[in-house]
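Student: quick one, what's the 3D model for this:
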Amino acid sequence: MSAVVTAGDTSHIAGPAAASSLPALLAARAVVSPDRVAWRQKRLGLWTEISWAQLEARAAGYAAGFASRGVEPGSRVAMIVGPGMEAAAAGLGLQGIGAVVVSLHPGRPAPEFGALLAGADVQIAIAEDAEQLATILEARTSVPRLRDVFVVDPRGIPATAGAPARLVTVFERFDGDTDAIDSWRESADRLAPDGPALLALTVGGSGAPRPVTLTHANLMAATRALANGIPVVSDDEILSYLPPSHVLEYVLSSGVAPLVGAVVSVGDGPGGVLADLREVRPMVLLGVPSLWDRLAERAEERRSRTRWLKRKVLDGGIRRGRHRLTALRSGARPGFLAGRLSTRRVRVLLGLDRTRAPLSALASLADETADALGALGVVVRQCYGTAEASGLLTLEPADAVRSGSVGRPVAATEVRVDENAGLFARGAQIAPDALNAEGWLHTGDRAWLDDDSLVRLVGRAEDLIVTASGARVDAAAVAAALEHGTLVRRAIVTGDGRPSIGALLELDPVELFAWAAERSAPFSGLRDLLEWPELHRELERGVSAANDALPPEARVREFRALPGPLALGAEVTDTRRLRRVAALRLHADLVEEMYRA
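Tutor: You can find the predicted model right below:
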């Protein structure tokens, strides 16, 4: 049996580098750097700070509180929250007593929440605010074992929300005392590395999201691999704006930060991230492609408003930056300052002037966005991973950034590509249950390795269509061609076992209604427009233009416009990636009608 440890006795705690779990990592950092700032969070426009010792005390306090409500090793507690120090403390506190955190994205629909909570055998849930609470209460009938819901932000919640079953409790913040910290440290010290820590959801693919259980060892392996791959040191600032349901974000803020002693700053979330960037000016920024797109657009807006002489200087810097980026991508080592002095003001205005590790994950970054930011001296590095791999398999090295690449395998990770271009991986960050009999994870993606051992993704394995004639067609490539049209937001390509390729088109309502208004179209809504012959002719012209860029076997012969937007969760992932197979299943009648016609 482990000896009881007091708060003053830290001899049993190894340094952060030797920790075997994220809770143990927090405990070690609290001993090494107790008074250094751990997290900063903006509330009502003001930034508050918490030290590593305070964060540990809060984690221990939450652990004691949840233990008093029946949480024990193996209990599954759902967290439906955004980024923040309280969520981080609660998650690490729960994991420290052996509970499994079930991390769910706040934007999921009620039926999906119900299925996921019931499937995970969740009895306690933590909700961010009234919106998530309403979703949980709507799904409650399908989660009979759910007995407690804690709400972080109670504003807007009726006093009777939990009556009569006394289901709802306000999530109260409190710090653990010396005894609570002692108990929590001892518990964290006893955690088995192969014990369950986090139940995450797969976000890629075309089917419904699947739960995957990550161990403490998985999360620590990903933490070390990410810290090894990016230039982050003690007191560096990391801006966190993604919810912890994104596994790589969780690894960065709850793993890498305590490992090296970096500071995590949380602002107003996705809606205020552009303003938060200018305030924080982080050294490390993990963003999804949509954020980098917005930053590239903001940079162009700033350039267009610059006066003639300053614009001329800026344009000269951008030209030199493009040359530097081209040289970097060709494997050369260009001068560090090439074009950077002339473009520094734009980086300052974006909040990226101190950013040494701009990272993009969860989806492919558009080449034009990478080019635009790279010319300004912000060379975005792409990460690639899956939920089964703790969010991380590959990372672009700073000296080997290439267009269309997601980098090389991170430390202690292997990848291989089979004869069908299927991408497989193995490493300590991969959930044991996700490995096949040979010890490999089948990622579900197709890829190839170039001469520099860089991984280049081709598409999803299930996006390979085989027509009735045996022709093999990449659905993603066809969709990309169709989506070049201004009216098409997404294209769902079909054709397996069919005589030809077909597509269902999700139209962009903003572009569509603007187009219709310019032509004085008689309509009161989308359904009226779908029946207007001129719209069909416009879509035909767009499909014809896409076909000109496609090989004969991939050309679209049939298409239909969808009567409304695709459903988030069921047809589109949290990161706006299409679930092609699931969407086609939901619109099976329209597909059959399209081919019959």
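Student: and stretch 441-452, how far out from the chain's middle?
Tutor: Distance of stretch 441-452 from its chain centroid, counting by Cα atoms, centre = their mean, to the nearest Å, is 20 Å.
Student: what segments of the stretch 201-350 of the chain are strands?
Tutor: 211-215, 237-240, 263-266, 284-287 (DSSP state E, counting those that start in this stretch).
Student: I'd like the ones you listed as TSV, with distance to D293 appended.
Tutor: Glycine gets a C-beta too; all of them are placed from N, C-alpha and C. Formatted as TSV, the strands of the stretch 201-350 of the chain follow (distance: least, Cβ to Cβ, whole Å):
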stretch	distance to D293
strand 211-215	29
strand 237-240	17
strand 263-266	22
strand 284-287	10
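Student: now tabulate these in TSV and tack on distance to L586, mean pLDDT and mean neighbour count.
Tutor: Shown next, in TSV, are the strands of the stretch 201-350 of the chain (distance: least, Cβ to Cβ, whole Å; pLDDT from 0 to 100; neighbours: other Cβ atoms under 10 Å):
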stretch	distance to L586	mean pLDDT	mean neighbour count
strand 211-215	22	95	22
strand 237-240	34	97	26
strand 263-266	36	97	25
strand 284-287	30	96	26
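Student: which of those sits closest to V77?
Tutor: Proximity to V77 (Cβ to Cβ) singles out strand 211-215 among these, at 13.8 Å.
Student: neighbouring strands for the closest one, and are they parallel or not?
Tutor: Its sheet considered, strand 211-215 pairs with strand 196-201 (antiparallel) by DSSP bridges.
Student: so what's the model's average confidence on the strand it pairs with?
Tutor: Strand 196-201 carries an average pLDDT of 94.
Student: check the offset of it from the chain's centre.
Tutor: The chain centre lies 15 Å from the centre of strand 196-201; the measure is Cα atoms, centre = their mean.
Student: beyond the longest strand along the chain, next helix or strand please.
Tutor: Ranked by residue count under DSSP state E, the longest strand found in the chain is strand 441-449. Later in the chain than strand 441-449, the nearest helix or strand by DSSP states H and E is strand 455-460.
Student: for the helix or strand following that next one, which outside residues touch it?
Tutor: The helix or strand immediately downstream of strand 455-460 is strand 464-466, counting by DSSP H and E. Contact with strand 464-466 is made by 420, 446, 472-475, 493-497, 501, as judged by Cβ atoms under 8 Å, 6 or more residues apart in numbering.
Student: cool, stretch 309-316 as well?
Tutor: Applying Cβ under 8 Å, 6+ apart, the external contacts of stretch 309-316 come out as 303, 306, 339, 342-343, 345-346.
Student: and which of these is nearest to D399?
Tutor: Distances from D399 to the contacts of stretch 309-316, taken by Cβ to Cβ, are shortest for G339, at 17.8 Å.
Student: how much space separates S364 from R577?
Tutor: According to Cβ to Cβ, to the nearest Å, S364 and R577 sit 10 Å apart.
Student: now do G272
Tutor: Distance of G272 to R577, computed by Cβ to Cβ: 24 Å.
Student: next one: A521
Tutor: Applying Cβ to Cβ, the value for A521 to R577 is 32 Å.
Student: quick one: the residue nearest the centre of the chain and E172, what's the gap?
Tutor: Centroid-nearest residue in the chain, with Cα atoms, centre = their mean: H246, separated by 4.3 Å. Using Cβ to Cβ, H246 is found at 27 Å from E172.
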